[in-house]
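Q: Sequence and predicted structure are below.
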Amino acid sequence: MTSVFEVLAEPRRRRILELVRGGERSVGELARALAASQPAVSKHLRVLREAGLVEVRVAEQRRLYRLRAEPLRELEQWLAPYRALWEENPDLPARHPAAPDAPCAADVPAAPG
């Protein structure tokens with residue numbers, strides 16, 4: 001089974017979740033909002049559905065997708081210790097190696113040992 005992390009690594013899938021967070025959306029509505037083809041959006045929806053992040057409801061001839069927040073708990077639980085770290089050290093993002101002037105871990109000499 002694909003993890004929530006793997007599924008959400010794809011930017012369009014994250015965008016789909018943002019769109020369905022506000023309520024049910026059809027494949028056509030999602031395709032227009034993403035400026036993507038319906039088959040491409042359907043593939044992303046299948047992955048999201050298999051991961052349990054969205055559920056589908058048939059209404060007449062339309063398939064309506066909505067968010068299932070329960071699987072996001074896995075992500076929330078994983079992030080909890082990092083959130084505590086950020087709250088304890090508000091300047092931490094400024095020291096993150098991704099910052100342009102921050103040293104990369106490879107640039108920092110190893111501790112003598």
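A: Perfect, thanks for sending it. What you are looking at is a predicted structure, and each value in this text was computed from that prediction instead of being measured.
Q: Return the residues in contact with Leu19.
A: Leu19 makes contact with Arg25, Glu29, Leu30, Ala33, Leu34, according to Cβ atoms under 8 Å, 6 or more residues apart in numbering. C-beta coordinates here come from the backbone N, C-alpha and C atoms, glycine included.
Q: mind running it again at 7 Å?
A: Arg25, Leu30, Ala33 (Cβ atoms under 7 Å, 6 or more residues apart in numbering).
Q: tell me the SS of the last one?
A: Right, the one you point to is Ala33. Under DSSP: H, G, I helix; E, B strand; the rest coil, Ala33 falls in the helix class.
Q: any idea how far it lies from Val20?
A: Look at Ala33 and Val20: by Cβ to Cβ, to the nearest Å, they are 10 Å apart.
Q: who's more crowded, those two?
A: Higher neighbour count among Ala33 and Val20: Val20, with 22 against 14, using other Cβ atoms under 10 Å.
Q: can you pull the pLDDT of that one?
A: pLDDT recorded at Val20 is 97.
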